[in-house]
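**Q** Any chance you could fold what I've pasted below:
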Amino acid sequence: MAEPSCALIEGLEREWRDALCSKNMERLQALVHKDFVLIGTRSTGPFMMSRGEWLDAIQRRDVFEIDVEVQDATAIKDLMIGTVHARWRLKYLGRMIEDCVVLTDVWVNDDGRWQAIRRHSTPAPAGACLDLKGA
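**A** Next up is the predicted model:
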């Protein structure tokens, strides 16, 4: 693992987490590339969300807690890929959701700033988030 890329991704992930928790839409829009897509799997099945759909959904959630821990990072020129364990507790559409997931975040350096262009989210294996302390 390349330490500089891991440190950079950890900083970006913390920034993303903090913007989500505070619903800082201006910061989220700056962190998420115009071509961002969230791809995921949940008990209800697979899903995909465009940047606009994802930003709209953020405004309907109340986030109580998010812990993130970067497990691995790879950097190749203007592209970084981070594997992140995340645990969150939030209220969405009137119901509480507690989840532990493995994220694969793809970051691109576009116009001199790092932005997330893809996020793949899948349920974490049993026990993966027991000791998660957050970034």
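**Q** Relative to the centre of this structure, find the outermost residue for me.
**A** In the chain, Gly94 marks the outermost C-alpha relative to the chain mean, sitting 22.0 Å out by C-alpha atoms, centre = their mean.
**Q** can you give me phi and psi for that one?
**A** Backbone geometry at Gly94, expressed as degrees, to the nearest 10, gives phi 80, psi 0.
**Q** For the nearest residue to Ile97 once chain neighbours are set aside, name its beta-bridge partners.
**A** The shortest distance from Ile97 to any non-neighbouring residue, by C-beta to C-beta, 6 or more residues apart in numbering, is to Leu90 (5.5 Å). All C-beta spots, glycine's among them, are computed from the backbone N, C-alpha and C. With DSSP bridges as the criterion, Leu90 is bridged to Val63, Ile97.
**Q** Tell me how far Leu90 lies from Ile81.
**A** Going from Leu90 to Ile81 by C-beta to C-beta, to the nearest Å gives 25 Å.
**Q** and stretch 42-61, average pLDDT?
**A** Stretch 42-61 carries an average pLDDT of 90.
**Q** what ranges do the helices span in the protein?
**A** For the chain, helices defined by DSSP state H occupy the ranges 3-22, 25-31, 51-58.
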